[in-house]
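[1] let's see this in three dimensions:
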Amino acid sequence: MGAFKTRGQTAALGLIERAIESERPPHALLFVGPDRVGKTTLALDLACGLLCLADDPTHRPCRDCAACRKVEHGNHPDLHVTAPEGAGQQIRVAQVQALAADLALLPLEGRFRVAIVQGAHRLNLDAQNAILKTLEEPPPAVVLVLCADDSSSLLPTVVSRCTRVRLGPVDAEVIAAMVEEAGVGDRARGAALGRLSGGRPGVALSLASRPEVVIVRARLARTLLDLLSADRRTRLAAQSALIEDGAALATAAAAADAGFADAVDEPPLERSGKRVSPAERRAAAAQVLGVWLDVARDLAVATRGGSRELRMHELLEETTAAGRLVDPGAAASFLGRIEAVSRALDAYANPELALDALLIEWPHARRAA
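    Predicted coordinates:
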């Protein structure tokens, strides 16, 4: 059995193992699952296994051969990675055309050419139509992997031509072991971060190595809970503070992707004195919505009397108390509003107006008897 880095995705990993051992992988796969749940890790496991030089397919990936090391370092000539870029964080038609040109060539060193499209849900319409040509008439010895947080934004014709693989949240105990093995926390802390991250290993490991991020998230979450009992004026006045915390989290997330460890020590964008671009404000708002979604889910659970299922255990008392004062129907319906506003934000909605709309619609807590 090969040395895979994917953890907690038994069914998905089984499919990948069979594809590597048979040496006849699907020409296109669609990995779907929450952000940072492990889609790219699984895609790289597949690429490593397909390009590995070990003689026995059951021992791929070996992680020791030259091909495995090149995949690990991102410089294998037969591995191509495409990701969203630019102000709107989209994948555009020019990127897909460049990728198609590379895939039209025969492999240079391995048995396959493997292409990984990160953030495939951000393929714009022209890019999807361009990639559809490669899916309909795939070049020989090419494996294309699309990694998407959500497949609803993809054309049905794109989805139907891929082998779909669903990745779900990873058990907290599995994440605890990953945190311990990475040397960034013990099992107790890892299990807590596993719950806080909603079963997303990438988020949990990032939080484990950056305790400041946990503090910012908790402060943002506590502000949102306090706003349940606030009037309209107070809610709207809190928007700038939410954006500031969101900017700190966005800066940390960008640095994490780039491999830096001290991003949260930088001042929030709004306090730095520099002009903040629309893309930076949108990234900050997106981070706020991510935390807000976690808070709203916990609140919805608390309104139904649940407590053990809450993710933010450090806010257990506040969330449980708020749950007794909020209408369950209002809490549940607000979850849909966050998702709708998130889609609007991706479609270039004004981030400040988007947050204002949610602040006004955030359920109101009844006065305690």
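
[2] switch to C-alpha atoms for all contacts and neighbour counts from now on
    Fine.

[3] residue contacts, residue 165?
    Contacts here follow CA atoms under 8 Å, 6 or more residues apart in numbering; on that basis residue 165 touches 12, 29, 30, 31, 32.

[4] so what strands line up beside the helix or strand containing it?
    Element membership for residue 165 (DSSP states H and E) is strand 163-166. Applying DSSP bridges, strand 163-166 is found paired with strand 28-32 (parallel).

[5] ok, residues contacting the partner strand?
    With CA under 8 Å, 6+ apart as the test, strand 28-32 has contacts from 39, 135, 143-151, 159, 161-167.

[6] derive a PyMOL selection command for the buried subset of the residues you listed.
    Selecting the buried subset of those in PyMOL, with 16 or more other CA atoms under 10 Å as the burial test, is done by:
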select buried, resi 39+135+143+144+145+146+147+148+149+150+151+159+162+164+165+167
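
[7] can you give me the helices for the stretch 151-300 of the chain?
    156-160, 172-182, 187-196, 201-209, 211-226, 232-237, 239-258, 278-303 (DSSP state H, counting those that start in this stretch).

[8] so where's the stretch 151-300 of the chain shaky on pLDDT?
    254-276 (pLDDT under 70).

[9] ok, residue 54 - contacts?
    60, 61, 62, 65.

[10] of those residues, which is the nearest to residue 130?
    Comparing the contacts of residue 54 against residue 130 with CA to CA places residue 61 closest, at 31.5 Å.

[11] what's the closest non-adjacent residue to that closest one?
    Closest residue in space to residue 61, ignoring its immediate chain neighbours: residue 49 at 4.2 Å, by CA to CA, 6 or more residues apart in numbering.

[12] angle of the helix or strand hosting that neighbour against strand 28-32?
    Using DSSP H and E, residue 49 maps to helix 39-51. Angle between the axes of helix 39-51 and strand 28-32 is 150 degrees (criterion: axes from the mean of the first three to the mean of the last three CA atoms, to 10 degrees).

[13] going on from helix 39-51, what's the next piece of helix or strand?
    Assigned by DSSP H and E, the successor of helix 39-51 is helix 66-73.

[14] what's the angle between that following helix and helix 39-51?
    With the same axes, to 10 degrees defining the directions, helix 66-73 sits at 160 degrees from helix 39-51.

[15] list of residues touching helix 66-73?
    So helix 66-73 is contacted by 44, 47-49, 51-53, 61-63, 76, 79, 110 (CA under 8 Å, 6+ apart).

[16] related to what we said a few turns ago, can you tell me how far the residue nearest to residue 61 sits from residue 13?
    12 Å (CA to CA, to the nearest Å).

[17] these two: which is more packed in?
    Between residue 49 and residue 13, counted using other CA atoms under 10 Å, residue 49 has the larger neighbour count: 30 against 20.

[18] and the more buried one, what does it touch?
    So residue 49 contacts 2, 20, 60, 61, 62, 68 (CA under 8 Å, 6+ apart).

[19] of those residues, which pair is most distant in space?
    Between any two of these (CA to CA), the greatest distance is 13.7 Å, for 20 and 68.

[20] could you report the neighbour count for residue 218?
    17.

[21] actually residue 74, sorry about that
    Using other CA under 10 Å, residue 74 has 13 other residues around it.

[22] if I look at it, how far off is residue 81?
    9 Å.

[23] and what of residue 310?
    Residue 310 is 36 Å from residue 81, by CA to CA.

[24] who has more neighbours, the two?
    Counted by other CA under 10 Å, residue 310 and residue 81 do not tie: residue 310 has more neighbours, with 23 against 14.

[25] you'd agree the more buried one is up against residue 301?
    Yes: using CA atoms under 8 Å, residue 310 is in contact with residue 301, at 7.1 Å.

[26] phi, psi for the closest residue to residue 236 other than its chain neighbours please.
    Excluding its sequence neighbours, the residue lying closest to residue 236 (CA to CA, 6+ apart) is residue 356, at 6.1 Å. Residue 356 adopts backbone torsions of phi -60, psi -40, taken as degrees, to the nearest 10.

[27] residue 326 now?
    Main-chain dihedrals, residue 326, degrees, to the nearest 10: phi -120, psi 140.

[28] and residue 326, how many neighbours?
    For residue 326, using other CA under 10 Å, the count is 22.

[29] also residue 282?
    Residue 282: 25 surrounding residues under other CA under 10 Å.

[30] re earlier: how far away from the center of its chain is the strand holding residue 165?
    How far strand 163-166 lies from its chain's middle: 17 Å, per CA atoms, centre = their mean, to the nearest Å.

[31] where does pLDDT dip in the stretch 1-150 of the chain?
    In the stretch 1-150 of the chain, residues with pLDDT under 70: 1, 87.

[32] what are the boundaries of the helices in it?
    Using DSSP H, counting those that start in this stretch, helices in the stretch 1-150 of the chain cover 10-22, 39-51, 66-73, 93-103, 125-136.

[33] may I see the ones you listed arranged in JSON lines, with distance to residue 294 as well?
    Formatted as JSON lines, the helices of the stretch 1-150 of the chain follow (distance: least, CA to CA, whole Å):
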{"stretch": "helix 10-22", "distance to residue 294": "26"}
{"stretch": "helix 39-51", "distance to residue 294": "21"}
{"stretch": "helix 66-73", "distance to residue 294": "33"}
{"stretch": "helix 93-103", "distance to residue 294": "33"}
{"stretch": "helix 125-136", "distance to residue 294": "30"}
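
[34] what's the most buried one of those helices?
    helix 39-51 (a mean of 26; mean count of other CA atoms under 10 Å).

[35] send the alpha carbons of that one over as PDB?
    C-alpha atoms of helix 39-51 as PDB (Å, rounded to 0.1, in the frame of the first residue of the first chain):
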ATOM      1  CA  LYS A  39      -9.300  18.000  -1.700                       C
ATOM      2  CA  THR A  40      -5.900  19.200  -2.900                       C
ATOM      3  CA  THR A  41      -4.100  16.800  -0.700                       C
ATOM      4  CA  LEU A  42      -6.000  13.900  -2.200                       C
ATOM      5  CA  ALA A  43      -5.400  15.200  -5.700                       C
ATOM      6  CA  LEU A  44      -1.600  15.400  -5.000                       C
ATOM      7  CA  ASP A  45      -1.800  11.800  -3.600                       C
ATOM      8  CA  LEU A  46      -3.300  10.700  -6.900                       C
ATOM      9  CA  ALA A  47      -0.700  12.600  -8.900                       C
ATOM     10  CA  CYS A  48       2.200  11.200  -6.800                       C
ATOM     11  CA  GLY A  49       0.900   7.700  -7.200                       C
ATOM     12  CA  LEU A  50       0.400   8.000 -11.000                       C
ATOM     13  CA  LEU A  51       3.900   9.500 -11.500                       C
END
